[in-house]
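Undergrad: compute the structure for the input listed below.
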Amino acid sequence: MEIAVFILFALVAVISAIAVITHPNPVYSTLSLIVTLFATAVLFVLLGAPFLAALQILLYAGAILVLFLFVIMLLNLRRQRSTSPRGRGQVTVAALGAVLFFGTLAASLLATGRPEPGALAPVSLHQLSRALFSHYLLPFQIIGLLLLVAVIAATVLARRAPAPEEER
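TA: Below is the predicted model:
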């Protein structure tokens with residue numbers, strides 16, 4: 001039964017992730033990203049990490065993607081037609097990049113092998129919070145500042161300058 005749930009939610013995650021990058025409408029892409037993050041949260045639960053699943057849903061699907069939808073709707077993005085046609089060079093570079101990525105992924109998976117049972121010690125919430133708010137406090141604050149700057153920049157870009165009145 002657990003394998004069936006895993007396969008179902010893994011397929012949902014992969015299909016919705018493909019929809020994120022292929023759908024022309026940015027709002028539908030963001031909604032597909034929410035589905036992807038929810039399916040990933042279910043996979044975290046299957047792995048025995050309910051805390052990570054809760055963080056996945058609360059932080060990413062609940063907060064970050066709401067911010068994405070807010071910015072998309074604030075900017076009033078519409079589907080725009082590409083001015084440059086896709087050439088053979090773009091497809092060739094994309095295919096080479098995909099081959100390089102999957103080759104690197106396969107090589108790293110084959111090189112690491114399987115970890116021994118008990119080799120990965122579970123991290124408690126106390127240890128995680130102590131590390132986050134001591135050693136990684138500066139990067140944590142920088143990420144918050146970057147998100148704030150992104151929202152301010154989107155707001156500034158969304159403001160439309162008043163159209164100049166035509167001279168008569």
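
Undergrad: hmm, which helix or strand of the chain has the shakiest average pLDDT?
TA: Among the helices and strands of the chain, helix 65-75 carries the lowest confidence by mean pLDDT, DSSP states H and E, at a mean of 75.

Undergrad: and that one, C-alpha only, in PDB?
TA: Taking C-alpha atoms only, helix 65-75 is exported to PDB below (Å, rounded to 0.1, in the frame of the first residue of the first chain):
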ATOM      1  CA  LEU A  65       3.600  30.800  -3.200                       C
ATOM      2  CA  VAL A  66       1.000  33.300  -1.900                       C
ATOM      3  CA  LEU A  67       3.700  35.900  -2.300                       C
ATOM      4  CA  PHE A  68       4.400  34.600  -5.900                       C
ATOM      5  CA  LEU A  69       0.600  34.900  -6.700                       C
ATOM      6  CA  PHE A  70       0.500  38.300  -5.200                       C
ATOM      7  CA  VAL A  71       3.400  39.500  -7.300                       C
ATOM      8  CA  ILE A  72       2.100  37.900 -10.500                       C
ATOM      9  CA  MET A  73      -1.300  39.400 -10.100                       C
ATOM     10  CA  LEU A  74       0.200  42.800  -9.000                       C
ATOM     11  CA  LEU A  75       2.300  42.900 -12.200                       C
END
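
Undergrad: next SSE downstream of it?
TA: Along the chain past helix 65-75, the next helix or strand (assigned with DSSP states H and E) turns out to be helix 88-112.

Undergrad: average pLDDT across the helix or strand following that next one?
TA: Next helix or strand after helix 88-112 toward the C-terminus (DSSP H and E): helix 125-132. For helix 125-132, the mean pLDDT works out to 80.

Undergrad: great, nothing more from me.
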